[in-house]
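1. let's see this in three dimensions:
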Amino acid sequence: MTSYTRHLDGKKFETTVGKHRIITDQLISAGGGNAGPTPPELLLASLGACAGHYAVEYLQARNLPLTGLEIQVSASKDINPARLASFHVEVNIPGIEERHQQGLLRAVKTCIIHNTLKNTPAIEVEVSIAPSLCQSS
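-> Numbering: from 1, shown residues only. All right, here's what the predicted structure looks like:
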């Protein structure tokens, strides 16, 4: 999996993932133009969409209704270093029997984003200097 992100202007970036284009920005209060979600908001959206995918898989496999399925994800911030310190994922689905709650919970916890956040991934960061587009004479 690979994504490509480029700076547009101000604090706005365009990220391409496959054939999809995502614009991220910062809030106006943080010097951005609020033209898209902030990167932390995008992380919350990713966790929610992943949880939703696994919820749908569970429900469909048991012919249970999907009507009204909603996932809400919230996070708290911390400092030193600045980060999202804790996440809360709430899956709401009206009309399923109580006996399916634990199965649905287990299914949602198999989400790849959930598991990535629960198990600290290795992250390697490097800075490279691109060749200059114009050469001085």
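2. can you give me the domain boundaries for the protein?
-> 1-36, 38-118 (automatic domain parsing).
3. which is the next helix or strand following the longest helix that the chain contains?
-> Counting by DSSP state H, the longest helix found in the chain is helix 39-61. Per DSSP states H and E, the first helix or strand lying C-terminal to helix 39-61 is strand 70-78.
4. for the longest helix of the chain, name the packing helices and strands.
-> Counting by 3 or more CB pairs under 8 Å, 6 or more residues apart in numbering; DSSP states H and E, the packing neighbours recorded for helix 39-61 are strand 20-24, strand 70-78, strand 83-92, helix 101-108, helix 112-118. Where C-beta positions appear, they are placed from N, C-alpha and C, glycine not excepted.
5. want to throw the ones you listed into TSV with mean pLDDT and mean neighbour count?
-> Shown next, in TSV, are the helices and strands packed on helix 39-61 (pLDDT from 0 to 100; neighbours: other CB atoms under 10 Å):
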stretch	mean pLDDT	mean neighbour count
strand 20-24	97	13
strand 70-78	97	14
strand 83-92	96	14
helix 101-108	96	15
helix 112-118	96	14
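6. which of the ones you listed sits closest to D9?
-> Across the helices and strands packed on helix 39-61, D9 has its closest neighbour in strand 20-24 (11.2 Å, CB to CB).
7. hmm, back to that, among the helices and strands packed on helix 39-61, which is nearest M1?
-> helix 112-118 (10.4 Å).
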